[in-house]
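Visitor: Sequence first, then the predicted structure, then my questions.
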Amino acid sequence: MELQCDICFMQFDLHLHRPKNLPCGHTICNECVQNPALGRKCPLCRNDLNGDPADLPDSIALIRLIENAGAPPLKKPRTEGAEVQRLRRGVEAGRKVVELLQLVVPKAVEALNRQLDSSVAQLRQVEEALELQVQRGRGAAGVEGGDPVAEQLQLAGKLEDNLRLLTANECSVVAVEADGATWRACSQLGGFSDMLRPLLLQLRADDQLEKVDVAPFPATPGVYVGPPTTTVLQTTKDDFKNGHLNFTDLFRDSLRWRNVRCLISSYAGGLEELLRIVAPHLEELQIGGVFGTPVEHRHRAQPSAMVEVMEMASLKRLRVRCDREVNGVFPDLPLQLEELAIQHPRENQLRCLERMSRLHSLAVHDYLGPNMNFAPSQHGALRWLGVCLNQPHKATMMSLIHAYASSVEEIQVVCSVNEKVKKGFYYPGLGEDLAGLHALRRLVLERPRDDPCTNQVAGCLLQCRTFKSFLPSHVQVICYTCYMPVL
């Protein structure tokens, strides 16, 4: 049994975090009771705390439980599952985050106040120097002093630089962990990101930030100038026997696979060995028939092949159709991807999207797992998003769309024209659902193959107009099949 304070999340004990009963009935630890920031009010219900906080009584029931080392378990504890272990790690990390923030936030506020006081003092010095020079220029009597000293002129230049930093439009941040893992963000300054502006001034005051003059990149003699040299390996039906890749014959033909940068294979069986060989140079990969390929080519990637994909450090673009019939666990996706198209993804693979800082193009089709919620993206890189999810997974689709609301400019959604023909992909309220996407420039409606708009043009146009009525005037709504824009 965990006995912890609801304010600081620390375990109750018999000393610093001794449980105290408040007049309103809530219980918090003694350290939180003594915190002056509470303003003599209960932090949970905001009722006034009458009297001296030091006189608040102990929680006798909790004291007895602590003295007895907690209540005895009623049953023998079972082995914790992976979900419980992950939640427990999250709780431990969250407590440490709260502890660190409780230490860092007051220091940050103190540093900001010092920064403000320093800027005020610098302003006064420059104002006094300016006033003195103006009076000397007018020939005022009794005005003494020579030209501004170098320190005052330097200070004036520093204030100009500070103003440029505070009015900057964009800030890039790179954080490196102890094990070498790197976090990157390129943030448009404004709103919540404005908290970065004082940090820029502090870094400059500490001589850790310097201005870099941008100059044209000079041409280097001897460097190849011309179109990209891309090596593509595309497997054919002849490369496979009994559904598996004949790796031996392919390996003998080294001209086909040496230094390959793009691999396209409509057939997925037995690709593991080939993927290991081409992994060091591979930048683009397509496995299986993806999104509308003929039935005879709809081969699906297995977990064993996706294990090799996960280890590809140079991979930038991935199109893959995972096998929906496999009950086993599929591995995570590479986090450095810039473009991703995935069909039948698993839940853990979609969770990887939240950590892909370079992803600018994403297509997700036919997710069949439990509905998911996505946190707003902190990367601001995604510009194009395509989704094909049925009505039972609408919550997942809308959460994914709104996670990229700050950056996505074009969204392509599989949506039926008629509810009677393809009810599972009919979204009559889609325009209203997308009304809050301020970066959106174009909405493209893709029609299911068994519900084309060719015989229902009027219904298609009416649907586009309805969606358009909920969106800003600059957003274009078109049908992918007939490409009929609504102006």
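Guide: Good, I have the coordinates.
Visitor: can you pull the contacts of residue 28?
Guide: 5, 6, 7, 19, 20, 22, 43, 44 (Cβ atoms under 8 Å, 6 or more residues apart in numbering). Quick note: C-beta positions are derived from backbone N, CA and C, even for glycine.
Visitor: cool, residue 12 as well?
Guide: Counting by Cβ under 8 Å, 6+ apart, residue 12 has contacts 3, 4, 5, 18, 19, 29, 62, 66.
Visitor: phi, psi of it?
Guide: For residue 12, the backbone dihedrals are phi -60, psi 140 (criterion: degrees, to the nearest 10).
Visitor: any idea how far it lies from residue 31?
Guide: According to Cβ to Cβ, to the nearest Å, residue 12 stands 11 Å off from residue 31.
Visitor: Spell out which residues make up each domain of this protein.
Guide: Taking the TED database as the reference, the chain has its domains at 19-70, 232-430, 431-486.
Visitor: for stretch 452-460, how far is the first residue from the last?
Guide: 9 Å (Cα to Cα, to the nearest Å).
Visitor: Give me the buried positions along it.
Guide: Neighbour-count burial for stretch 452-460, counted by 16 or more other Cβ atoms under 10 Å, picks out 453, 456, 460.
Visitor: Give me the residues contacting that stretch.
Guide: Contact with stretch 452-460 is made by 417, 418, 445, 447, 479, 481, 482, 484, as judged by Cβ under 8 Å, 6+ apart.
Visitor: Drop anything exposed from those residues.
Guide: When the contacts of stretch 452-460 are checked for burial by 16+ other Cβ under 10 Å, the buried set is 417, 445, 447, 479, 482.
Visitor: for the last one, what are its contacts?
Guide: Just to be clear, that refers to residue 482. Residue 482 is in contact with 453, 454, 457, 460, counting by Cβ under 8 Å, 6+ apart.
Visitor: tell me the pLDDT at it?
Guide: According to the prediction, residue 482 has pLDDT 78.
Visitor: So it: helix, strand or coil?
Guide: Per DSSP: H, G, I helix; E, B strand; the rest coil, the local secondary structure of residue 482 is coil.
Visitor: Repeat that for the second one.
Guide: Three-state assignment for residue 445 (three-state DSSP): strand.
Visitor: wait, it sits on residue 480?
Guide: Yes: contact criterion Cβ atoms under 8 Å: residue 445 and residue 480 qualify, at 6.3 Å.
Visitor: Could you check how many residues crowd around residue 432?
Guide: For residue 432, the neighbour count with other Cβ atoms under 10 Å is 13.
Visitor: Chain neighbours aside, what residue packs nearest to it?
Guide: Nearest in space to residue 432, with sequence neighbours left out and distances taken as Cβ to Cβ, 6 or more residues apart in numbering, is residue 470 at 4.7 Å.
Visitor: for stretch 407-422, what is the average pLDDT?
Guide: Stretch 407-422 comes out at a mean pLDDT of 86.
Visitor: next one: that stretch to chain centre, how far?
Guide: Centre-to-centre, stretch 407-422 and its host chain are 24 Å apart (Cα atoms, centre = their mean, to the nearest Å).
Visitor: Show me what counts as buried in it.
Guide: 407, 408, 410, 411, 412, 413, 414, 415, 416, 417, 422.
Visitor: just stretch 167-174 next, same as before
Guide: Of all the residues in stretch 167-174, those buried under the rule 16+ other Cβ under 10 Å are residue 171.
Visitor: Could you list the residues in contact with stretch 41-52?
Guide: With contact meaning Cβ under 8 Å, 6+ apart, stretch 41-52 is reached by 6, 7, 22, 23, 24, 26, 28, 32, 38, 40, 56.
Visitor: If we use 6 Å, what do you get?
Guide: 7, 22, 24, 26, 40 (Cβ atoms under 6 Å, 6 or more residues apart in numbering).
Visitor: ok, the most centrally placed residue in the chain - contacts?
Guide: Centroid-nearest residue in the chain: residue 377, 3.1 Å away (criterion: Cα atoms, centre = their mean). For residue 377, the contact set (Cβ under 6 Å, 6+ apart) comprises 403, 404.
Visitor: how about it, phi and psi?
Guide: With angles defined as degrees, to the nearest 10, residue 377 sits at phi -70, psi 140.
Visitor: how much space between it and residue 401?
Guide: In this view, residue 377 and residue 401 are 11 Å apart by Cβ to Cβ.
Visitor: circling back to that earlier point, which of the domains of the chain sits closest to residue 150?
Guide: Residue 150 lies closest, by Cβ to Cβ, to one member of the domains of the chain: domain 232-430, at 41.9 Å.
Visitor: Who are the packing partners of the lengthiest helix in the chain?
Guide: With secondary structure taken from DSSP state H, the chain has its longest helix at helix 82-138. Judged by 3 or more Cβ pairs under 6 Å, 6 or more residues apart in numbering; DSSP states H and E, helix 82-138 is in contact with helix 150-166.
Visitor: Looking at the helix it packs on now, give me its mean pLDDT.
Guide: Per-region confidence: helix 150-166 scores 81 on mean pLDDT.
Visitor: what about that helix, distance to the chain center?
Guide: 36 Å.
Visitor: ok, residues contacting whichever helix or strand comes after that helix?
Guide: Next helix or strand after helix 150-166 toward the C-terminus (DSSP states H and E): strand 170-176. The set of residues external to strand 170-176 that reach it, using Cβ under 6 Å, 6+ apart, is 182, 183, 184, 185, 186, 187, 188, 189, 196.
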